[in-house]
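Asks: Below are the sequence and a predicted model for it; my questions follow.
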Amino acid sequence: MSARALDTGIPPLPPTARDVFGADLTADQAVTYNRGRVATCTAVALYRSGQQLDELSDDELDTAVRALKFPYSRPSEETRAAIRAALGVLEADPTIRVI
């Protein structure tokens with residue numbers, strides 16, 4: 001199954017790690033935070049577009065990240081895992097609905 005277009009728009013990105021934590025954060029902290037923000041926004045876009053966790057291949061997740069055109073974003077195993085985790089949370093919570 002191929003991923004549908006993310007026609008619901010790009011969710012707004014939260015501030016970058018440096019904006020939140022200042023200059024005192026480590027490179028690992030910055031990577032982890034920034035990966036999480038891209039993954040969460042990607043999961044929200046996929047959820048809004050009606051995608052389901054069990055339908056998405058690694059290639060489709062990579063395509064979704066690239067389609068959102070976040071600066072400096074490169075899909076990785078860790079990013080795909082974070083997207084799947086966030087999408088799983090969205091799907092599991094019956095109070096979250098796309099309007």
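Replies: Ah, there it is.
Asks: Surely Val98 and Leu46 touch.
Replies: No: counting by CB atoms under 8 Å, Val98 stays clear of Leu46, with 10.9 Å between them. Where C-beta positions appear, they are placed from N, C-alpha and C, glycine not excepted.
Asks: Pick out whichever of those two has more residues nearby.
Replies: Leu46 (27 against 10; other CB atoms under 10 Å).
Asks: For that one, pull up the helix or strand it's in.
Replies: Using DSSP states H and E, Leu46 falls within helix 27-48.
Asks: Report how many residues lie close to the nearest residue to Ser73 once chain neighbours are set aside.
Replies: Nearest residue to Ser73, sequence neighbours excluded (CB to CB, 6 or more residues apart in numbering): Val38, at 5.0 Å. When counting by other CB under 10 Å, one arrives at 23 neighbours for Val38.
Asks: do the same with Thr32
Replies: 15.
Asks: hmm, who's touching the helix or strand of the chain with the lowest mean pLDDT?
Replies: Counting by mean pLDDT, DSSP states H and E, the chain has its least confident helix or strand at helix 17-21, which shows a mean of 87. Residues outside helix 17-21 that contact it (CB atoms under 8 Å, 6 or more residues apart in numbering): 14, 25, 29-30, 33-34.
Asks: For the next helix or strand after the helix holding Leu46, buried residues please.
Replies: For helix 27-48, the following helix or strand on the C-terminal side (DSSP H and E) is helix 58-68. Within helix 58-68, the residues that count as buried by 16 or more other CB atoms under 10 Å are 60-65, 68.
Asks: Using CSV, write out every CA atom in the least confident helix or strand of the chain.
Replies: Extracted in CSV, the C-alpha atoms of helix 17-21 (Å, rounded to 0.1, in the frame of the first residue of the first chain):
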residue,chain,number,x,y,z
ALA,A,17,16.4,22.4,20.7
ARG,A,18,18.7,25.4,20.8
ASP,A,19,15.7,27.8,21.1
VAL,A,20,14.3,25.7,24.0
PHE,A,21,17.5,24.8,25.9
